[in-house]
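>>> Turn this into a model:
(one chain, ligands or ions: 2)
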Amino acid sequence: MQMEVNLSSSHSNIYIERGILHHIREKIDGNCKVMVITDEGVPAQYSEIVCRQFPNSTLYVTVQGEKAKSFEVYEAIIRKLLELNFTRKDMILALGGGVIGDLSGFVAATFKRGMRFASIPTTTLSQIDSSIGGKVAINVDELKNMVGTFYHPEAVFIDIDTCKTLSARHVSNGLVEAVKAGLIGDEKLFELFETENIEDHLEEIITHSLMVKKKVVEEDEKETHLRKILNFGHTIGHAIESYYHLHDYYHGECVAMGMMAVLENKELKERLRHILEKMQVPVSAPYDPESLLKLIQKDKKVSDDHITLVLVEKCGQAELKEVSMDTIRQYLKGEAL
Ligand SMILES: NC(=O)c1ccc[n+]([C@@H]2O[C@H](COP(=O)([O-])OP(=O)(O)OC[C@H]3O[C@@H](n4cnc5c(N)ncnc54)[C@H](O)[C@@H]3O)[C@@H](O)[C@H]2O)c1
Ligand SMILES: [Zn+2]
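Residues are numbered from 1 along each chain as shown. Ligands and ions are numbered 1, 2, ... in the order given. All right, here's what the predicted structure looks like:
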């Protein structure tokens, strides 16, 4: 399966195919220096398969986790690229989860004002949520994605077989973003989670989620309006993530709780609960609603006591609505344990 994402100043080819990891060189011009960036948690067999295809490649292995999205790691990679005389015509190949994609993309976007960039996402979250959209960034201490830009990879290679080495919890974590894609833009995708064996339909799930994201991003490249619908469940989700200091729950798990909190349609909410339980994703966590409210106010810099929230009343259709902090309080109280 191949998909194209066309934006004002860029064009990306997305390949979704089992085993494509072995055939990357056939799909991309590799007559240049290539730096393959990965982290210690990504099984070494994958970088061996990729590097073998590019004789002029250098492998850069960084620490795993959010720490990799730091100024220190960024600087070390930039210095390595300089030492190896990389130019704008040379390429960065990101091999790993969303952390590696964000870090590598930011390096590629800024080194000599932008060099070639392609990515091989290896977690369900990165395959579903970061392959399209071009958001690249690093963190400043605990503040996530504080320094970044938009930079689109020329090609994305999604090999679902790489997910076989992921823990079941990580697989489900990423799939929450696909459930979200169904809720905001594709009812059939949502239904697929209800009726089918999820593992057996991974390729279809990822493809359809990317279609939802592609449509939205092509219409609103820089997130001025429509693209905000991709943040369904994220306002409360991010607050839960911060409440637990980015530690106890994964991002997708918090988004799941965030979606549950704001869904008003009771029938749809029960359908979502059923799917999340099937995926063994938590539907709620203990929290103090007032503390969460403060985190949301801080995050969104609320000035007039209102924020724009993504709401879903009917499966497959999202809308942006101005809601008061009091409404948010009600949502939080409804789901607080
Ligand atoms: N740019 C975007 O649009 C976008 C969207 C969503 C999330 N993100 C970012 O993505 C990051 C989270 O991504 P993530 O959930 O992929 O986490 P991650 O990149 O930290 O990967 C999770 C863990 O899995 C390991 N791993 C990766 N691939 C593996 C594989 N195939 N088998 C076994 N282990 C593997 C990694 O080493 C890591 O320890 C966050 O920093 C988030 O901000 C970015
Ligand atoms: Zn998300």
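>>> next structured bit after the helix or strand hosting Glu75?
Element membership for Glu75 (DSSP states H and E) is helix 71-83. Note on helix 71-83: by DSSP H and E, the next helix or strand toward the C-terminus is strand 91-96.
>>> Centre of the chain to that following strand, how far?
Once both centres are worked out by CA atoms, centre = their mean, to the nearest Å, strand 91-96 turns out to sit 16 Å from its chain's centre.
>>> ditto for stretch 269-277
22 Å.
>>> Other residues contacting that stretch?
The contact list for stretch 269-277 (CB atoms under 8 Å, 6 or more residues apart in numbering) reads 176, 179, 183, 190, 193-194, 256, 259-260, 263, 282-283, 315. C-beta here means a position set from N, CA and C on the backbone, and glycine is covered the same way.
>>> try stretch 317-329
Contacts of stretch 317-329 (CB under 8 Å, 6+ apart): 183-185, 225, 228-229, 232, 235-236, 289, 293, 296-297, 302, 305-313.
>>> now swap in stretch 252-262 and tell me
Contact partners of stretch 252-262, identified using CB under 8 Å, 6+ apart, comprise 125, 172-177, 179-180, 183, 232-241, 244, 249, 269, 272-273, 276, 281-285, 309-311, 331-332, 334-335.
>>> picking up where we left off before, so is the helix holding Glu75 next to ligand 1?
No - for helix 71-83, no contact with ligand 1 is found by CB under 6 Å from any ligand atom; the gap never falls below 12.6 Å.
>>> Against which helices or strands is that helix packed?
Counting contacts by 3 or more CB pairs under 8 Å, 6 or more residues apart in numbering; DSSP states H and E, helix 71-83 is packed against strand 34-39, strand 57-62, helix 98-110, strand 135-140.
>>> Mind putting the ones you listed into TSV with mean neighbour count?
Converted to TSV, those look like this (neighbours: other CB atoms under 10 Å):
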stretch	mean neighbour count
strand 34-39	24
strand 57-62	19
helix 98-110	25
strand 135-140	21
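>>> before we move on, the earlier item: any chance of a ChimeraX selection covering the buried ones in the contacts of stretch 317-329?
Of these, the buried ones can be selected in ChimeraX as follows, counting by 16 or more other CB atoms under 10 Å:
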select :183,184,185,228,229,232,235,236,289,293,296,297,306,307,309,310,311,312
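>>> Filter the contacts of stretch 317-329 down to just the ones in strands.
Among the contacts of stretch 317-329, the ones falling in strands (DSSP state E) are His306, Ile307, Thr308, Leu309, Val310, Leu311, Val312, Glu313.
>>> which residues does the third one bridge with?
Thr308 forms beta bridges with Glu322, as assigned by DSSP bridges.
>>> follow-up on the earlier one: can you tell me the average pLDDT over the helix holding Glu75?
Here helix 71-83 scores 98 as its mean pLDDT.
>>> Tell me the gap between that helix and the middle of its chain.
For helix 71-83, the distance to the chain centre is 24 Å (CA atoms, centre = their mean).
>>> And that helix, what's buried?
By 16+ other CB under 10 Å, the buried positions in helix 71-83 come out as Val73, Tyr74, Ile77, Leu81.
>>> How about stretch 206-219?
Result for stretch 206-219 [16+ other CB under 10 Å]: buried residues Ile206, Thr207, His208, Ser209, Leu210, Met211, Val212, Lys213, Lys214, Val216, Val217.
>>> okay, the helices and strands packed on helix 71-83 in a markdown table with distance to ligand 1 and mean pLDDT next?
Converted to a markdown table, the helices and strands packed on helix 71-83 look like this (distance: least, CB to the nearest ligand atom, whole Å; pLDDT from 0 to 100):
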| stretch | distance to ligand 1 | mean pLDDT |
| --- | --- | --- |
| strand 34-39 | 5 | 98 |
| strand 57-62 | 10 | 98 |
| helix 98-110 | 2 | 98 |
| strand 135-140 | 4 | 95 |
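>>> Identify each buried residue in stretch 269-283, please.
For stretch 269-283, a neighbour-count test (16+ other CB under 10 Å) marks Lys269, Arg271, Leu272, Ile275, Leu276, Met279, Val281, Val283 as buried.
>>> With stretch 140-154 instead?
Quick answer for stretch 140-154 (16+ other CB under 10 Å): Lys144, Gly148, Phe150, Tyr151, His152, Pro153.
>>> Now the first one: which helix or strand?
Taking DSSP H and E as the criterion, Lys144 maps to strand 143-150.
>>> Nearest residue to Thr124 in space, ignoring adjacent ones along the chain?
Closest residue to Thr124 apart from its sequence neighbours, by CB to CB, 6 or more residues apart in numbering: Gly174 at 2.7 Å.
>>> same question, Leu332
Leaving aside its chain neighbours, Leu332 sits nearest to Pro289 (3.9 Å; criterion: CB to CB, 6+ apart).
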